[in-house]
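Participant: pasting a predicted model and its sequence here:
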Amino acid sequence: MKRVILIKYGELSTKKGNRNFFINTLYRMIQNKLKNFDVKIYKDRSRMYIEFHDSDLDKIKSKLDCIFGIHMYHIAYIVDTNIDSIKSLLIDLVKNMNFKSFKVESKRSDKSFPIHSQELNPLLGAVVLKNKDGVVVDVHHPELLIKVEVREKYSFIYFNAYHGAGGYPLGSQPRGLLMLSGGIDSPVSGYLAMKRGVLVDCVYFEAIPHTSLEARNKVIELSRKLAKYAPDIRLHIVNFTPIQEEIYKNCSPSYCITIMRRMMYRIMEKLANKYQAYAIINGESVGQVASQTLTSMRVINEVTCMPVLRPVACFDKLEIIDLAKKIDTYDISILPYEDCCTVFVPKHPVINPSLEQAKKEEEKFDFLSLIDVAVDSVDTIVVREEEEFSDLL
Ligand code: ATP
Ligand code: MG
C-alpha cells in the first residue's frame with residue numbers, strides 16, 4: 001500500500017487566467033524546500049502529490065507547514081483509477097483499523113469514470129460493511145471519515161487532513177523590502193506580506209556604536225525565522241550612524257523621530273530601486289507610538305510615492321504578539337538589545353507633526369549626500385533557515 005502526500009491549493013483556485021503561473025510557483029517552492037529529501041513531486045490543475053520515504057514524513061510535513069499556497073494536505077493511499085483496485089485497497093485499509101461507525105465521502109473529478117459520486121458513497125460503504133464486522137454507517141457523527149478522490153489516472157483514499165500555511169505561493173508577487181527592526185511587529189509584518197506571495201528582502205538600519213552587534217544578530221535570527229517560508233532571505237544592513245548623528249546634532253528634539261523616519265523611507269525607496277522591489281513593508285501600527293499617528297504617517301510617507309504595506313496597521317498589540325508566538329519570533333524580539341530608534345528616542349516626540357516644520361528641520365543639514373553614501377555602502381547577508389552562520393556577500 002503506497003502512500004503519498006496529496007496537496008490542495010485552496011485560494012489559488014480563484015485565479016483563473018493565472019492558474020498555471022501560481023501552480024508552477026508553488027511547485028518550484030516545494031521543490032526548493034524539499035531538495036534535501038528523496039521525493040517525487042507531481043502536479044496537475046487542482047492537486048499536487050508527493051512520493052516520499054516513510055522515515056522522512058515528519059520532517060517533510062514541517063517543511064510543508066511553512067509553504068504558502070498550500071491550503072490543505074493529506075497523507076493518502078494511492079491506487080490506479082479502476083473500481084476494483086479502489087475497493088480492494090479500501091478493504092485492506094479498514095481491515096486493520098479500529099472504529100465503530102464510518103462515512104464515505106467520495107469525489108469524482110475524472111468525469112470519464114463511470115460511477116458518479118452519489119453512487120460511489122453507498123457502493124464503497126457497502127464494501128466496508130461487508131468486510132468489517134460490527135461497524136455501522138453514521139452520516140452525521142462518524143468515528144471514521146473515509147475520503148475517496150477519483151482522479152484521472154490515480155485515485156486516493158485518506159482519513160486525515162492537515163491545514164497548510166494558506167495564502168499565495170511565495171514569488172507570485174514581486175519583491176518587497178521589509179524594514180526589519182529587532183521589535184515584535186516587523187517580523188510579523190514580513191510573515192504576513194510573504195503570505196500574500198511577496199518575495200521579501202529585509203533592511204535593517206544599524207547605528208553602531210550606539211547599537212550593538214548583539215542587536216544585529218537578533219535581526220539576523222529574526223530573518224532566519226522568516227527564511228523558513230522562503231528559499232532564503234537577503235538582509236541588507238544600512239549604516240545609519242552618520243545620518244542619525246546629524247539629525248540629533250541639528251534638529252529640534254521633538255522632530256528627531258519624524259525626520260529620522262523620513263530619512264529611512266528615502267533610503268528604502270532608493271534600495272527598492274536598487275534591488276527591483278515594488279513596495280516598502282514595515283511594522284507600523286496606527287496609534288502605537290508618536291511616529292505612528294495618522295498625522296505622523298502622512299508627514300513621514302510624504303517622501304515616497306512607493307506603496308507602503310503595513311500589514312499590522314490595524315492589529316492590537318496582543319494580536320501581533322499572538323502571531324509572533326505562532327511564527328516563533330517573539331522570544332527573539334523580546335531580547336533586550338537597543339535598536340537605533342530606541343537609543344535616540346527624545347523625551348517628547350511630536351505626535352502631530354506638520355509637514356512644513358519637518359521640511360524646515362531638514363534644511364538644517366545636507367542629508368542627500370549622506371543618503372547616497374548609506375545606500376551605496378549597504379552590506380548584504382544571505383540568511384538561510386538551516387544555517388548557524390550567515391555568509392557575508
Ligand atoms: P517593531 O515595530 O518591529 O516591534 P519597534 O516597535 O521597535 O519594532 P517602531 O519604533 O514601532 O519599531 O518602528 C516601526 C517600524 O519601523 C518597525 O516595525 C520597523 O518596520 C521599522 N523600523 C524601526 N526601526 C528600524 C530599524 N532599526 N531597522 C529597520 N526597520 C526599522
Ligand atoms: Mg512597533
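Facilitator: That came through fine. Ligands and ions are numbered 1, 2, ... in the order given.
Participant: how about the closest residue to ligand 1 within the stretch 251-393 of the chain, nearest residue that isn't a chain neighbour?
Facilitator: In the stretch 251-393 of the chain, the residue that lies nearest ligand 1 is residue 283 (2.4 Å; Cβ to the nearest ligand atom). Where C-beta positions appear, they are placed from N, C-alpha and C, glycine not excepted. Distance criterion Cβ to Cβ, 6 or more residues apart in numbering; nearest residue to residue 283, sequence neighbours excluded, is residue 185 at 3.0 Å.
Participant: and for that neighbour, the neighbour number?
Facilitator: When neighbours are counted by other Cβ atoms under 10 Å, residue 185 registers 25.
Participant: tell me if I'm right that it and residue 313 touch.
Facilitator: No: taking contacts as Cβ atoms under 8 Å, residue 185 lies outside contact range of residue 313: 9.9 Å.
Participant: can you list residues touching both of these two?
Facilitator: Shared contacts of residue 185 and residue 313 (Cβ atoms under 8 Å, 6 or more residues apart in numbering): 284, 285.
Participant: residue contacts, the residue of the stretch 251-393 of the chain closest to ligand 1?
Facilitator: The contact partners of residue 283, by Cβ under 8 Å, 6+ apart, come to 179, 181, 183, 184, 185, 186, 187, 188, 189, 310, 312.
Participant: may I ask which of these has the most neighbours?
Facilitator: Neighbour counts for those, by other Cβ under 10 Å, peak at residue 187, which reaches 30 neighbours.
Participant: name the nearest residue to that residue, ignoring sequence neighbours.
Facilitator: Counting by Cβ to Cβ, 6+ apart, the residue nearest residue 187 is residue 329, at 4.1 Å.
Participant: the one you found: neighbour count?
Facilitator: Residue neighbour count, defined by other Cβ under 10 Å, stands at 24 for residue 329.
Participant: so where's the stretch 201-350 of the chain shaky on pLDDT?
Facilitator: In the predicted model of the stretch 201-350 of the chain, residues 340-343 satisfy pLDDT under 70.
Participant: which stretches in it count as helices?
Facilitator: Secondary structure of the stretch 201-350 of the chain (DSSP state H, counting those that start in this stretch): helices at 213-227, 241-250, 256-274, 294-301, 317-326, 330-333, 340-343.
Participant: between the ones you listed, which gets nearest to residue 355?
Facilitator: Set against residue 355 and scored by Cβ to Cβ, those come closest in helix 294-301, at 5.1 Å.
Participant: and that closest one, what other elements does it pack with?
Facilitator: Contacts defined by 3 or more Cβ pairs under 8 Å, 6 or more residues apart in numbering; DSSP states H and E place helix 294-301 against helix 256-274, helix 355-362.
Participant: tell me which of those sits most buried.
Facilitator: helix 256-274 (a mean of 22; mean count of other Cβ atoms under 10 Å).
Participant: does it come close to ligand 1?
Facilitator: No: looking at helix 256-274 against ligand 1 by Cβ under 6 Å from any ligand atom, there are no contacts, and the closest approach is 6.7 Å.
Participant: residues touching the residue in the stretch 51-200 of the chain that ligand 1 sits nearest to, list them.
Facilitator: For the stretch 51-200 of the chain, the residue closest to ligand 1 is residue 183, as judged by Cβ to the nearest ligand atom, at 2.0 Å. Contacts for residue 183 (Cβ under 8 Å, 6+ apart) come out as 283, 333, 339.
Participant: same question for residue 270.
Facilitator: 371, 372, 375.
Participant: ok, it to residue 238 distance?
Facilitator: The span separating residue 270 from residue 238 equals 10 Å under the rule Cβ to Cβ, to the nearest Å.
Participant: what residues do those two have in common as contacts?
Facilitator: Common neighbours of residue 270 and residue 238, using Cβ under 8 Å, 6+ apart, are residue 375.
Participant: rewinding a little: wait, is the residue of the stretch 51-200 of the chain closest to ligand 1 part of a helix?
Facilitator: No: Residue 183 sits outside any helix when classified using DSSP: H, G, I helix; E, B strand; the rest coil, being coil.
Participant: quick one, phi psi at it?
Facilitator: Main-chain dihedrals, residue 183, degrees, to the nearest 10: phi -80, psi -170.
Participant: show the pLDDT at it.
Facilitator: pLDDT for residue 183: 94.
Participant: ditto for residue 113
Facilitator: Among the per-residue scores, residue 113 holds a pLDDT of 88.
Participant: what's the separation between the closest residue to it other than its chain neighbours and residue 80?
Facilitator: Distance criterion Cβ to Cβ, 6+ apart; nearest residue to residue 113, sequence neighbours excluded, is residue 150 at 5.2 Å. Going from residue 150 to residue 80 by Cβ to Cβ gives 11 Å.
Participant: more crowded one of these two?
Facilitator: Neighbours were counted for residue 150 and for residue 80 using other Cβ under 10 Å; residue 150 has more, 22 against 11.
Participant: look up which residues are beta-bridged to the more buried one.
Facilitator: Applying DSSP bridges to residue 150 gives these bridge partners: residue 108, residue 155.
Participant: spit out the contact partners of it.
Facilitator: 81, 86, 106, 107, 108, 109, 110, 113, 120.
Participant: chain center to stretch 118-130: distance?
Facilitator: Put simply, stretch 118-130 sits 41 Å off its chain's centre (Cα atoms, centre = their mean, to the nearest Å).
Participant: burial of the nearest residue to residue 10 once chain neighbours are set aside, as a residue count?
Facilitator: Nearest-residue entry for residue 10: residue 71, 2.2 Å, with adjacent residues in sequence omitted and distances by Cβ to Cβ, 6+ apart. As a burial measure, residue 71 scores 16 neighbours (other Cβ under 10 Å).
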